[in-house]
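Q: any chance you can model this:
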Amino acid sequence: MNDNGLQAAITSLIHSQAEMMHTQVQLAQLQATLIKDMAEIRSDMQTIKAYLARHEQYLSQLPEAIRREIGFTTS
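A: All right, here's what the predicted structure looks like:
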């Protein structure tokens with residue numbers, strides 16, 4: 001391999017390394033976005049769980065509230 005071929009190979013290697021670094025930066029940015037999105041989803045899920053728990057409590061109290069409302073009493 002002559003000096004020109006060696007220089008071209010080194011230039012190609014440096015270019016490939018730069019592209020790889022660019023791709024790694026993009027990957028890191030995508031991972032950061034994914035982590036942020038997952039945290040938001042987890043927060044949303046916690047909010048939904050709280051709403052469901054509250055609604056479950058309301059539903060469990062509903063039969064007794066209906067009995068009281070219509071004046072039904074148990075002996």
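Q: element containing the most centrally placed residue in the chain?
A: Among the residues of the chain, the one closest to the centroid is Met38, at 1.5 Å (Cα atoms, centre = their mean). Using DSSP states H and E, Met38 falls within helix 3-70.
Q: what does the average pLDDT come to for that helix?
A: Helix 3-70 shows a mean pLDDT of 96.
Q: how far does that helix sit from the chain's center?
A: Centroid displacement of helix 3-70 relative to its chain, using Cα atoms, centre = their mean, to the nearest Å, is 2 Å.
Q: packing partners of that helix?
A: In terms of contacts (3 or more Cβ pairs under 8 Å, 6 or more residues apart in numbering; DSSP states H and E), helix 3-70 is packed against no helix or strand at all. (Glycine included, C-beta is placed from N, CA and C.)
Q: burial count for Ile10?
A: For Ile10, the count of nearby residues is 10 (other Cβ atoms under 10 Å).
Q: likewise for Ala8?
A: Ala8 is flanked by 12 other residues according to other Cβ under 10 Å.
Q: show me what contacts it?
A: If a contact means Cβ atoms under 8 Å, 6 or more residues apart in numbering, then Ala8 has no contacts.
Q: how near is it to Thr47?
A: 59 Å (Cβ to Cβ, to the nearest Å).
Q: what kind of secondary structure is Thr73 in?
A: For Thr73, the assignment made with DSSP: H, G, I helix; E, B strand; the rest coil gives coil.
Q: could you report the neighbour count for it?
A: Neighbours of Thr73 (other Cβ under 10 Å): 6.
Q: so who does it touch?
A: Arg67.
Q: 7 Å instead, please
A: For Thr73, no contacting residues are found, by Cβ atoms under 7 Å, 6 or more residues apart in numbering.
Q: tell me the pLDDT at it?
A: pLDDT, Thr73: 74.
Q: that one and Ala9, how far apart?
A: Thr73 sits 94 Å away from Ala9, going by Cβ to Cβ.
Q: now do Gln17
A: Distance of Gln17 to Ala9, computed by Cβ to Cβ: 13 Å.
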